[in-house]
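*Asks:* Fold the following for me, if possible:
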Amino acid sequence: MVQGYRISTDKKHLDIDVIYDFISASYWASGIPKHTLEKAISNSFCFGVYDSHDSQVGFARLITDRATFAYLADVFVLENHRGKGLSKWLVESIVSHPELQGLRRIVLATRDAHGLYAQYGFQTIENQGMFMQIWDPDVYRESR
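*Replies:* Numbering: from 1, shown residues only. Here you go, the predicted structure:
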């Protein structure tokens, strides 16, 4: 727990504008259409981080069946709230959440936060050859 902040999985509290402003400018989802992000959120298990004024300052979502598998995505804490341990608290809240216990696999992709996730048991994938993907990095470009 971080003094003056709270984490909730109640989607009613999510501030879609704050989430969209951050995610649509991120390296992993630059230019994502708002309706696409809204659909992704509605079909995900979401965690919001809020300050003492109930303003959203962080977010993460899992694509999961809540029984065997989860993909952790769209994790962020707004820049002016960093350095307070919120990212650690958010990841810890996710991996210890009662509805996510017993999963066989939780995966994520990150370019720059390996150290954060390693603290909570995430490791690089040893047998990368068994994973496959369909990858379309230009899917959000309007000229398509």
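*Asks:* quick one: low-confidence ranges for the protein?
*Replies:* Counting by pLDDT under 70, the chain shows low-confidence ranges at 142-144.
*Asks:* can you pull out the strands in it?
*Replies:* Taking DSSP state E, the strands of the chain run over residues 6-8, 45-50, 56-64, 69-77, 105-108.
*Asks:* List just the one of the ones you listed that sits closest to Ala29.
*Replies:* The closest of these to Ala29 is strand 69-77. By Cβ to Cβ, the value is 7.2 Å. Yep, even glycine has a C-beta here, placed from its N, CA and C like the rest.
*Asks:* In that closest one, which residues are buried?
*Replies:* With burial defined by 16 or more other Cβ atoms under 10 Å, the residues of strand 69-77 counted as buried are Ala70, Leu72, Ala73, Asp74, Val75, Phe76, Val77.
*Asks:* Relative to Trp89, which of the strands of the chain is closest?
*Replies:* Across those, the minimum distance to Trp89, taken as Cβ to Cβ, is reached by strand 6-8, at 6.9 Å.
*Asks:* Which secondary structure elements does that closest one sit against?
*Replies:* Secondary-structure packing of strand 6-8 (3 or more Cβ pairs under 8 Å, 6 or more residues apart in numbering; DSSP states H and E): strand 45-50, helix 86-95.
*Asks:* Lovely, talk soon.
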